[in-house]
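Enquirer: Structure for this input, please:
(chains A and B)
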Protein chains: 2
Amino acid sequence: MTQEIKTDRSLTDLGEFGLIDLIARKVRPSSVVHIGIGDDAAAFHWQPHCLALATTDMLVEGVHFDLSFCDPFRLGRKALAVNLSDIAAMGGRPRSFLLSLAIPNEFSVDFINDFSSGLLEIAEEFGVTLIGGDTCVSRSGLVIGITLYGEQEEQKVTQRGTARPGESIFVTGYLGDSALGLKLLQRGLRQGEVIDRHLDPTPRVHEGLALAEAGLTCSMIDISDGLLSDLGHITGKSAMGARLHLDKIPLSREYSAHFGSESQERYLLALGGGEDYELLFTAPAYRKCEIEMLFRKLGTPVSEIGEITSVPGIRLFSAEGETLQGIAPGYDHFLSRKGNRS
Amino acid sequence: MTQEIKTDRSLTDLGEFGLIDLIARKVRPSSVVHIGIGDDAAAFHWQPHCLALATTDMLVEGVHFDLSFCDPFRLGRKALAVNLSDIAAMGGRPRSFLLSLAIPNEFSVDFINDFSSGLLEIAEEFGVTLIGGDTCVSRSGLVIGITLYGEQEEQKVTQRGTARPGESIFVTGYLGDSALGLKLLQRGLRQGEVIDRHLDPTPRVHEGLALAEAGLTCSMIDISDGLLSDLGHITGKSAMGARLHLDKIPLSREYSAHFGSESQERYLLALGGGEDYELLFTAPAYRKCEIEMLFRKLGTPVSEIGEITSVPGIRLFSAEGETLQGIAPGYDHFLSRKGNRS
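Expert: Numbering: from 1, shown residues only, chains lettered A, B, ... in the order given. Below you'll find the predicted structure:
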């Protein structure tokens, strides 16, 4: 963890260049970077024979995060984590990123200090370098924009639209924890494992990269909008359908304990809650053993939850083989208001 | 210009994926792009032996633009132009970009349609491709985030901190028009050349690239904060100083006519107004003829306005050789409030 510099100055005392310098001082030098923070653009070396991968996410106060329960350190971690998750879903190796901040003038230097410490801590964990960005004042709420680059050989990049009938559907980790964590935060709770999973998700960078390097996936996406919605992106883009087995969906002990094993609603958040940042991928059924061995080595849970079909649409099945209907879909920013998500 | 699709639907009717599709439909295919809009990350091919250049800018409603006088089409053009200007200042060739939009729910589809038409029109003019992005709802005002990539050979990239004593200082175009245009807009005027220069600036991409390819510049920056402030970045980073000759600063006919040739204040906006998006560069004095020939071919004005000195600080001289003092510095987002800028 980088060293904390505590102060109670406001951003007005610090100025724009003082703010940039505060962040820049925490960035470790990297051999990839030719020109870093402080010029008109960053310049960096590229691996030959690799595709460049680029993803961007904008996090808006009051839409994606609520500062009444989101501390700046973990907000910094999460802001980069959601982008790392996108590069992971392509099977990519994340390399460097740009940061844009629109900050209300009344924010304290401490806030930005803690935010950037969290951001740069997770950056170091995953070996990515901050190479530049933009700061400005905001009249209404904090806005965080991150653009992350990664790289991967062309034939190893994993896309959404390449699933084929008969492939098994796998998912990493447990689903629904983050959405349950958000609900508990909104009810006033502040501690617990599912709350941590919401405030500080783990991007599956090592898992995505290992799958791509081993050539084990046929299609892949990260779950940000919810299992059904994101599986819908895979089936939609692939012009396929899917069968999902409800009893195979991985639920954590905390999540199951909260709902009880008989509750009908206990699958709702796991299916549609969003912000899991787990990887959802398809692979030929015969490669299941290889996949399980790979994940045992990584120390990450993996579950087979269904199959790709040539019939369009996603059908849900109970343990008894019955078809289930009427489950809520994923998140659409302009159609619904399900609270926070990234 | 791309074809307009007029409609009076709201974003709520359209939904997030409808919105993305509306923009994606206007994007021309490009051979550089391997995976474009619609996956977890964009993937694109990179030129071997080139440095990657990346720049990002966040434009916030009420800070960088005022929708009471900024139409969506030209806002789209300007949002990309300010990023193109940064790549130009590195001597780079712009290639592709990501777009993030946080949009209030009450915005019309027409607004986004016009905005993206303007954005993609200037993208086509400068040969860059939209490869991906992010859209979300905003609770308070429009936020536009753009990240633009470019490329250039390592030895041709032009930086800020490489000016040396005795080099001449050059600037493209005319200074102060944009700041004067903003003042007139704030007073209620809506038409005129300086207003156009504020709402729809021309990024000096061809000029920056031509200078870099010919190896004519020793240091370069684009003027976004104002001449004095941005020259201060060159001298500061180079650990140098500068002499500026006030009577050599290029002023347009419209700008001069507004202030009158005797007015003391007529240099204030040219020196500190910002948002000119002209290139400021240094070069050995003996290469002046080559530079002038190059700019004659490009059809762009260029002016020699001073010299780099080994004595720190920027000193201003009148036509009579007197030292001038007390001129306002450039823009700092957190220290001052000079109205709009990008």
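Enquirer: Where does A:G321 sit: helix, strand or coil?
Expert: coil (DSSP: H, G, I helix; E, B strand; the rest coil).
Enquirer: let me redo that: A:L80
Expert: Applying three-state DSSP: A:L80 is helix.
Enquirer: so it makes contact with A:F97?
Expert: Yes: the pair A:L80 / A:F97 is scored as a contact, 6.9 Å apart, by Cβ atoms under 8 Å. For the C-beta atoms, the positions are set from N, CA and C on the backbone; glycine is no exception.
Enquirer: who's more crowded, these two?
Expert: Set A:L80 next to A:F97 and count neighbours by other Cβ atoms under 10 Å in any protein chain shown: A:F97 wins out with 30 against 27.
Enquirer: Tell me if I am right that A:T55 is in a helix.
Expert: No: if the criterion is three-state DSSP, then A:T55 is strand and not within a helix.
Enquirer: Relative to chain B, how far out is A:Q159?
Expert: Noted for A:Q159: a distance of 6 Å to chain B, by Cβ to the nearest Cβ, to the nearest Å.
Enquirer: Next, the contact list for that residue, please.
Expert: A:M90, A:S219, A:M220, A:K237, B:I35, B:D39 (Cβ atoms under 8 Å, 6 or more residues apart in numbering or on different chains).
Enquirer: and the closest residue to the first one other than its chain neighbours, how many neighbours does it have?
Expert: Put plainly, it is A:M90. In space, and not counting its chain neighbours, A:M90 is closest to B:A41: 4.9 Å by Cβ to Cβ, 6 or more residues apart in numbering or on different chains. If you count neighbours by other Cβ under 10 Å, B:A41 ends up with 28.
Enquirer: hang on, isn't B:A41 packed against A:D57?
Expert: No: with contact defined as Cβ under 8 Å, B:A41 does not reach A:D57; the gap is 10.5 Å.
Enquirer: so what's in contact with those two at the same time?
Expert: Joint contacts of B:A41 and A:D57 (Cβ under 8 Å, 6+ apart) are A:D86.
Enquirer: can you list the domain ranges for chain A.
Expert: A:11-155, A:158-324 (automatic domain parsing).
Enquirer: Using JSON lines, lay out those domains together with distance to B:L148.
Expert: Shown next, in JSON lines, are the domains of chain A (distance: least, Cβ to Cβ, whole Å):
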{"stretch": "domain A:11-155", "distance to B:L148": "8"}
{"stretch": "domain A:158-324", "distance to B:L148": "24"}
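Enquirer: which one of the ones you listed has the most crowded surroundings?
Expert: Burial among the domains of chain A, expressed as mean neighbours by mean count of other Cβ atoms under 10 Å in any protein chain shown, is greatest for domain A:11-155, which shows a mean of 22.
Enquirer: For chain A, spot the helix or strand the model is least confident about on average.
Expert: strand A:323-324 (a mean of 76; mean pLDDT, DSSP states H and E).
Enquirer: What strands flank it, and is each parallel or antiparallel?
Expert: Applying DSSP bridges, strand A:323-324 is found paired with strand A:313-317 (antiparallel).
Enquirer: residues in contact with the strand it pairs with?
Expert: A:228, A:231-232, A:235, A:241-246, A:271, A:309, A:323-325, A:327.
Enquirer: Could I get the contacting residues of the nearest residue to A:F69 once chain neighbours are set aside?
Expert: Spatial nearest neighbour of A:F69, chain neighbours left out: A:L185 (4.6 Å); criterion: Cβ to Cβ, 6+ apart. Going by Cβ under 8 Å, 6+ apart, A:L185 touches A:D66, A:F69, A:I195, A:H198, A:L199.
Enquirer: Roughly how far does the second one sit from A:V205?
Expert: Just to be clear, that refers to A:F69. Between A:F69 and A:V205 the computed distance is 26 Å (Cβ to Cβ, to the nearest Å).
Enquirer: Identify the contacts common to A:L80 and A:F97.
Expert: Common neighbours of A:L80 and A:F97 (Cβ under 8 Å, 6+ apart) are A:A123, A:V128, A:I146, A:L148.
Enquirer: Can you name the residues that contact A:L216?
Expert: A:A283, A:R287, A:E290, A:I291, A:L294.
Enquirer: In contact with the last one, which residues?
Expert: Applying Cβ under 8 Å, 6+ apart, we find A:L294 in contact with A:A210, A:L211, A:A214, A:L216.
Enquirer: Wait, the third one touches A:E290, no?
Expert: Yes: distance between A:A214 and A:E290: 7.2 Å, which falls inside the contact criterion (Cβ under 8 Å).
Enquirer: any idea whether A:L185 is helix, strand or coil?
Expert: Going by three-state DSSP: A:L185 is helix.
Enquirer: Max pairwise distance over the contacts of A:L185: which two?
Expert: Within the contacts of A:L185, A:D66 and A:I195 form the most distant pair, 12.7 Å apart (Cβ to Cβ).
Enquirer: Which helix or strand contains A:H34?
Expert: Using DSSP states H and E, A:H34 maps to strand A:33-35.
Enquirer: Pull up the pairing partners for the very next helix or strand once past that strand, direction included.
Expert: Sequence-wise, the next helix or strand downstream of strand A:33-35 (DSSP H and E) is strand A:42-44. Sheet pairing for strand A:42-44, assigned by DSSP bridges, gives strand A:33-35 (antiparallel), strand B:51-60 (antiparallel).
Enquirer: Now do the shortest one: distance to the chain's middle.
Expert: Distance of strand A:33-35 from the chain centroid (Cα atoms, centre = their mean, to the nearest Å) equals 27 Å.
Enquirer: Can you tell me what sits against that strand?
Expert: A:41-45, A:96, A:129, A:131, B:51, B:90, B:154, B:157, B:159.
Enquirer: re earlier: so which of the contacts of A:L294 is the closest to chain B?
Expert: Closest to chain B out of those is A:L211 (13.5 Å), distances taken as Cβ to the nearest Cβ.
Enquirer: Confirm that the closest one sits in a helix.
Expert: Yes: counting by three-state DSSP, A:L211 is part of a helix.
Enquirer: That one and A:S219 touch, don't they?
Expert: No: using Cβ under 8 Å as the test, A:L211 is too far from A:S219 to be in contact (11.0 Å).
Enquirer: Need the overlap of contacts for those two.
Expert: Jointly contacting A:L211 and A:S219 under the rule Cβ under 8 Å, 6+ apart are A:T158, A:F281.
Enquirer: chain center to the helix or strand A:V137 falls within: distance?
Expert: Using DSSP H and E, A:V137 sits within strand A:129-138. Chain-centre distance of strand A:129-138: 21 Å, with Cα atoms, centre = their mean.
Enquirer: which helices and strands sit right next to it?
Expert: With contacts defined as 3 or more Cβ pairs under 8 Å, 6 or more residues apart in numbering or on different chains; DSSP states H and E, the packing partners of strand A:129-138 are helix A:11-24, strand A:42-44, strand A:93-104, helix A:109-125, strand B:51-60.
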